[in-house]
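Trainee: please work out how this folds:
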Amino acid sequence: MLSGVCFFHSETGTEGGFWAFQDREFITASGWSYKGLHILEDGDKLTIMSPNNPDLIIWSGTISLIQYPLFSEGIYNLWIHSDQRGVDREIWAMYFINEYPAKLITHHKP
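Mentor: Numbering: from 1, shown residues only. Reported below is the predicted structural model:
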């Protein structure tokens, strides 16, 4: 199980953003390494904790994304590629934009 933070990954060429996870092992004072970047995929298991109390789980489940065409859906003036099934978009986005602490078990091998 990886420990790190949720974040909204967007850069030139992504044409919007992805729900992602950054492995704490690859976060340094000088920045984040792509080695620790995990774009969430269906089947990944994610646990999100409260930023004020890391022992408090506020969401836990298996990633199941509803995919959208480019430039068709957005939140907080950001284009998004997907929504997590069964979770309000504004709440889900808040976890990632505010970089809530999280744990991840990927369904695929790195």
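Trainee: Lys97 against Ile80, yeah?
Mentor: Rather than Lys, residue 97 is Ile. No - Ile97 is beyond contact range of Ile80, at 10.8 Å (criterion: C-beta atoms under 8 Å). From N, CA and C alone the C-beta is placed, and that goes for glycine too.
Trainee: ok, those two, which is more surrounded?
Mentor: Ile80 (21 against 15; other C-beta atoms under 10 Å).
Trainee: tell me the contacts of the residue lying closest to that one once chain neighbours are set aside?
Mentor: Nearest residue to Ile80, sequence neighbours excluded (C-beta to C-beta, 6 or more residues apart in numbering): Glu73, at 5.3 Å. For Glu73, the contact set (C-beta atoms under 8 Å, 6 or more residues apart in numbering) comprises 79-81, 83.
Trainee: tell me the pLDDT at Gly31?
Mentor: We have a pLDDT of 90 for Gly31.
Trainee: ok, now Ser82?
Mentor: 97.
Trainee: thinking again about what came up before, from Glu99, how far out is the residue nearest to Ile80?
Mentor: Relative to Glu99, Glu73 is positioned 21 Å away (C-beta to C-beta, to the nearest Å).
Trainee: leaving aside the residues next to it on the chain, what's closest to Lys103?
Mentor: With C-beta to C-beta, 6+ apart, the residue lying closest to Lys103 is Thr47, at 4.5 Å.
Trainee: in a helix, the one you found, correct?
Mentor: No - under DSSP: H, G, I helix; E, B strand; the rest coil, Thr47 sits outside any helix and is assigned strand.
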